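1. Here's a sequence, model it:
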Amino acid sequence: MVIKARKLKESEVPGKTDLYEVRKSCSIMVEEKQEDNSLDQVIMEYHIEDNEIGYFAKEYRPEDVPKMGAKVIDITAVIMNHERKYIRWHLYDIKDTLAGKKTVATLFSQWNSGLRYLQTNILDRIPDYSVTSDLGVVTRCYDEERMRRLRNDVQRQCDEIKSSPKNMTLSQRKKRTDIAKYRGILKATQAILDKKFEAENGIDTYKIQIKRLLSDNDNIYRMRFPV
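-> Down below sits the predicted model:
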């Protein structure tokens with residue numbers, strides 16, 4: 001069993017895309033700057049016990065995955081215990097506001113990519129270990145009622161496209177070519193509302209966790225995340 005990762009040095013700030021091996025208990029900050037220059041800070045608290053190894057990555061992208069067009073998730077965190085043959089993992093992305101068509105569709109793709117990279121580069125290498133999974137999003141704001149309105153609006157657009165007459169206008173024909181995109185947004189929105197994510201393999205499902213950032217001052221939103 002070989003998991004390709006860099007050893008995290010003491011006081012080292014992890015870079016992006018690389019997978020790091022964490023041997024000692026420590027805190028790792030994941031920081032995102034928003035358009036208004038405010039900051040979202042998620043502090044990953046690693047508590048490494050005997051016979052355990054941790055792994056961490058920000059925007060993890062394995063070397064064999066081309067940068068162009070790749071979807072990456074903000075946080076990949078893993079604790080592995082070889083003595084007990086046990087592993088727990090966390091996949092989370094940071095969104096200042098969980099709303100809007102583009103945001104939910106992107107998040108859905110990021111979850112799938114994060115799961116694919118995790119499976120191929122870590123989980124497949126330890127097939128006999130028991131696994132505890134944790135998948136979700138960290139956000140300042142999640143408006144469930146707004147999410148329902150988005151779901152209803154996209155459902156209406158899908159229904160209109162399906163029922164368009166044979167003699168369609170140019171605008172109607174253009175919308176019909178976008179039906180796959182609308183269906184993808186609808187699936188992502190419904191998954192978040194149901195808090196249930198079905199992976200692209202069509203087999204595995206995960207409960208979606210929505211964790212909240214709290215205002216620390218006028219410019220920083222922060223939360224602590226035990227790994």
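2. C-alpha only now, for contacts and for neighbours.
-> Fine.
3. The helix or strand Glu31 falls within - what's its average pLDDT?
-> Here Glu31 sits within strand 26-33, counting by DSSP states H and E. Here strand 26-33 scores 96 as its mean pLDDT.
4. CA atoms of it as PDB?
-> Presented in PDB, the C-alpha positions along strand 26-33 are these (Å, rounded to 0.1, in the frame of the first residue of the first chain):
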ATOM      1  CA  CYS A  26      -1.800  20.300  14.400                       C
ATOM      2  CA  SER A  27      -4.200  22.900  13.100                       C
ATOM      3  CA  ILE A  28      -4.300  23.800   9.400                       C
ATOM      4  CA  MET A  29      -6.100  26.900   8.200                       C
ATOM      5  CA  VAL A  30      -7.900  26.900   4.900                       C
ATOM      6  CA  GLU A  31      -8.600  30.500   3.800                       C
ATOM      7  CA  GLU A  32     -10.800  31.900   1.000                       C
ATOM      8  CA  LYS A  33     -10.900  35.600   0.100                       C
END
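5. Going by neighbour count, list what's buried in it.
-> For strand 26-33, the neighbour count (16 or more other C-alpha atoms under 10 Å) marks 27-32 as buried.
6. hmm, who's touching stretch 187-200?
-> Stretch 187-200 is contacted from outside by 104-105, 108, 112, 115, 144, 147-148, 150-151, 204-209, using C-alpha atoms under 8 Å, 6 or more residues apart in numbering.
7. if you set the cut-off to 7 Å instead, what comes out?
-> With C-alpha atoms under 7 Å, 6 or more residues apart in numbering as the test, stretch 187-200 has contacts from 104-105, 108, 112, 147, 151, 204-208.
8. before we move on, what SS does the nearest residue to Gln155 once chain neighbours are set aside have?
-> In this structure, Gln155 finds its nearest non-sequential neighbour in Leu186, 6.6 Å apart by C-alpha to C-alpha, 6 or more residues apart in numbering. Leu186 carries the three-state label helix when classified by DSSP: H, G, I helix; E, B strand; the rest coil.
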